[in-house]
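Asks: just to be clear, the model below is a prediction. Sequence and coordinates:
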Amino acid sequence: MCLSVKSPSLSKIIADEIAQQGPMPFARFMELALYHSDLGYYASGQAAIGRKGDFYTNVSVGSAFGHVLAGQFAEMWERLGSPAEFTIVEQGAHDGQLASDILIHAEGPFAAALRYRIVEPSPHLRRRQEETLQPFASRVEWFADLESLPKFQGVHFSNELVDALPFHIIESQGDTGWKELFVSGTEEGFSFIPAEFSAELGSTTSSLPVRPAGHLLELRPMAAEWLDAVEERLTAGFVLIVDYGYPRDLLRAVHRTRGTFACFRQHRRDENLLETPGEKDITSHVDFTDLAEAATRLNLALEGFADQNHFMVGAGEPLLKSLEGRIHEPEARKTLRMMQTLLHPESMGTQFHYLALSKNAEGSTLRGFRYGRDAGVLVA
Ligand SMILES: C[S@@+](CC[C@H](N)C(=O)[O-])C[C@H]1O[C@@H](n2cnc3c(N)ncnc32)[C@H](O)[C@@H]1O
């Protein structure tokens, strides 16, 4: 006789932890909802990105994104003195499509120097990446976390990784300051309860603005910890962070009374953070000031800060020039359409920002930041 044992739902796993340990910070709820090894939205491999999935990213627009990045990475390699070995570390590589686009478009001596390393804790996602990257099998290696990644010279790159790192939520109590929202409840349903800040929030709470009661803000101390771990592995080179988000003063503007968090499923956005954990994406905008301040503490140089429109005009110049006079060719028209989508000043072009940091890599401004802002504005 074959007995089928029903595995517990993610809601039950979360409810059991609350029953044993008390209400949890929202960051812990999000960690389980996205990264529980079997049932988390990302870790289980059920996250779907693209037209038939839950949301779009730069990668879903097409290969032009990887093409432009390959050119920008080649310039970084040159700035390091064209070393014989240059490593691209990608974290948050999803199905490996971007890695493939970059490897296809890397050319000449840069391509010969290139090795690609992916940091991927999820075995499901790693299998998908291995399939996509089969043609480059000899040049790609995987590591489960930053701690096991060997020290490297090159660039650490991430597209929409930081927005997917767990965040805490705090709520203004008006004149009496702020409280953190903790998650309480049972398998039947969860709710938020305000309480004193958890220890993980540490110094992130030192300069909170005064806001009317009920105003919500997200805090993501994990972003600085993550950058610390990246810097520790990098011997010389760059960190390039691409994500949606803003400098802190814009994120904390008085009119953003509900913070910036959102959930996505089948291209529908909702704000019901505590419903159906594991079945949808959870995200919030990135505080680029947070990252720049952490970089300054770590002695990483602030190389540049640009929105996607300005980054693409600078870094994409060689690609755009190569299309001149070829617009009758279907391939060239397709590439131009991709670039127009990435550059669009009313959507992707302004929502996404690029922050570049460097270590032991002095030199002139990188192409992608030629038309950008001085990254110093983030910490001024
Ligand atoms: C919003 S998705 C972006 C995926 C892809 N970069 C793209 O742009 O299509 C966020 C990705 O970050 C990954 N991620 C989150 N934390 C991670 C970590 N500590 N190490 C590696 N990947 C991580 C998730 O598994 C997920 O694949």
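Replies: Thanks, I have the structure now.
Asks: extract the CA atoms of stretch 213-226 and return them as CSV.
Replies: Written as CSV, here are the backbone C-alpha positions of stretch 213-226 (Å, rounded to 0.1, in the frame of the first residue of the first chain):
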residue,chain,number,x,y,z
ALA,A,213,0.6,58.5,12.4
GLY,A,214,0.1,55.5,10.1
HIS,A,215,2.8,56.5,7.6
LEU,A,216,4.8,53.4,6.6
LEU,A,217,8.5,53.0,5.6
GLU,A,218,10.6,50.0,4.7
LEU,A,219,14.1,49.5,6.1
ARG,A,220,16.5,46.9,4.6
PRO,A,221,19.5,46.4,6.8
MET,A,222,20.3,43.3,4.8
ALA,A,223,21.4,45.4,1.8
ALA,A,224,24.4,46.8,3.7
GLU,A,225,25.3,43.4,5.0
TRP,A,226,25.1,42.0,1.5
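Asks: hmm, that stretch in reach of the ligand?
Replies: No - Stretch 213-226 lies out of reach of the ligand by Cβ under 6 Å from any ligand atom, never closer than 7.2 Å. All C-beta atoms are positioned from the backbone trio N, CA, C, and that covers glycine.
Asks: list the buried ones in that stretch?
Replies: 215-224, 226 (16 or more other Cβ atoms under 10 Å).
Asks: just stretch 167-174 next, same as before
Replies: By 16+ other Cβ under 10 Å, the buried positions in stretch 167-174 come out as 167-172.
Asks: which one of those sits closest to the ligand?
Replies: Phe167 (12.4 Å; Cβ to the nearest ligand atom).
Asks: measure Met76 to the ligand for me?
Replies: 19 Å (Cβ to the nearest ligand atom, to the nearest Å).
Asks: which helix or which strand is home to that residue?
Replies: Element membership for Met76 (DSSP states H and E) is helix 64-79.
Asks: run through who's touching the next helix-or-strand element following that helix.
Replies: Counting by DSSP H and E, the next helix or strand C-terminal to helix 64-79 is strand 86-91. Applying Cβ atoms under 8 Å, 6 or more residues apart in numbering, the contact partners of strand 86-91 are 73, 76-77, 80, 98-99, 102, 110, 113-120, 146, 149, 152-158, 161, 233, 237.
Asks: which ones among those residues lie within strands?
Replies: When the contacts of strand 86-91 are checked against strands (DSSP state E), the matches are 114-119, 152-158, 237.
Asks: considering only these, which also neighbour the ligand?
Replies: Among these, the ones lying near the ligand by Cβ under 6 Å from any ligand atom are Val119.
Asks: so which bits of stretch 236-252 are buried?
Replies: Residues of stretch 236-252 classed as buried under the neighbour-count rule (16+ other Cβ under 10 Å) are 237-248, 251-252.
Asks: TSV for those residues, including secondary structure and distance to Arg126?
Replies: Shown next, in TSV, are these (DSSP: H, G, I helix; E, B strand; the rest coil; distance: Cβ to Cβ, whole Å):
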residue	secondary structure	distance to Arg126
Gly237	strand	24
Phe238	strand	25
Val239	strand	22
Leu240	strand	22
Ile241	strand	22
Val242	strand	22
Asp243	strand	22
Tyr244	strand	26
Gly245	strand	27
Tyr246	strand	32
Pro247	coil	35
Arg248	helix	34
Leu251	helix	33
Arg252	coil	37
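Asks: select only the buried ones of the contacts of strand 86-91 in PyMOL?
Replies: Restricted to buried positions by 16+ other Cβ under 10 Å, the PyMOL selection for the contacts of strand 86-91 reads:
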select buried, resi 73+76+77+80+98+99+102+110+113+114+116+117+118+119+120+146+149+152+153+154+155+156+157+158+161+233+237
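Asks: quick revisit: ok, so of the buried residues of stretch 167-174, who is nearest Thr204?
Replies: When the buried residues of stretch 167-174 are compared for distance to Thr204 (Cβ to Cβ), His168 wins out at 8.2 Å.
Asks: pretty sure that closest one contacts Ala27?
Replies: Yes - contact criterion Cβ atoms under 8 Å: His168 and Ala27 qualify, at 4.8 Å.
Asks: who touches both of these two?
Replies: Common neighbours of His168 and Ala27 (Cβ under 8 Å, 6+ apart) are 200, 220.
Asks: and whatever residue of the chain ends up closest to the ligand, what does it touch?
Replies: Going by Cβ to the nearest ligand atom, the ligand is nearest to Gly92 of the chain, at 3.0 Å. Counting by Cβ under 8 Å, 6+ apart, Gly92 makes contact with 158-161, 164.
Asks: Gly245 now?
Replies: Taking Cβ under 8 Å, 6+ apart as the test, what Gly245 contacts is 162-163, 251, 285-288, 353.
Asks: now render the ones in strands among the contacts of strand 86-91 as CSV, adding pLDDT.
Replies: CSV is the format used below for the ones in strands among the contacts of strand 86-91 (pLDDT from 0 to 100):
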residue, pLDDT
Leu114, 97
Arg115, 97
Tyr116, 98
Arg117, 98
Ile118, 98
Val119, 98
Phe152, 98
Gln153, 98
Gly154, 98
Val155, 98
His156, 98
Phe157, 98
Ser158, 98
Gly237, 98
